[in-house]
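> Sequence first, then the predicted structure, then my questions.
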Amino acid sequence: MKFEEILAATRAAAAKVDASGVDFLAVQVNFTGENGGVLYVEVKNGVVSVEPYEYNDRSCGITLSMDDFNKLIAGKLDPVLAFTTGKLKVDGDVGKALEFSKLLKK
């Protein structure tokens, strides 16, 4: 899967997320592998935005392959299991990464 496809899939998934009650959350997603890249997901005042840039003032960063991220946003990969098996790495506030994973499940 190409980065542009992941970006489009993430934006489509973000449009379906109920982020009411979330004041602010910014997660940078770093993709490993040959066609790696970076994007961020920001929740601000209940609105979710997805952009293909680095986010310097992020709550946390997660690193994983594009395939695993695609499974994650499709609900086919449990984020806690991915973390414990080493498929997903967290840089920064693990609590914010957990909050992000709960948004994915909504």
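Thanks, I have the structure now.
> now the helices: where do they sit in this protein?
Taking DSSP state H, the helices of the chain run over residues 3-15, 66-73, 79-84, 94-105.
> most neighbours per residue, which of these?
helix 66-73 (a mean of 19; mean count of other Cβ atoms under 10 Å). No exception for glycine: its C-beta is placed from N, CA and C like everyone else's.
> Residue ranges in the chain under the pLDDT threshold?
The model of the chain has pLDDT under 70 over residues 105-106.
> still on that earlier bit, and the helices of the chain as JSON lines, adding distance to Tyr53?
What follows is the helices of the chain, written out as JSON lines (distance: least, Cβ to Cβ, whole Å):
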{"stretch": "helix 3-15", "distance to Tyr53": "11"}
{"stretch": "helix 66-73", "distance to Tyr53": "16"}
{"stretch": "helix 79-84", "distance to Tyr53": "22"}
{"stretch": "helix 94-105", "distance to Tyr53": "17"}
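> Please consider this matter closed, and thank you.
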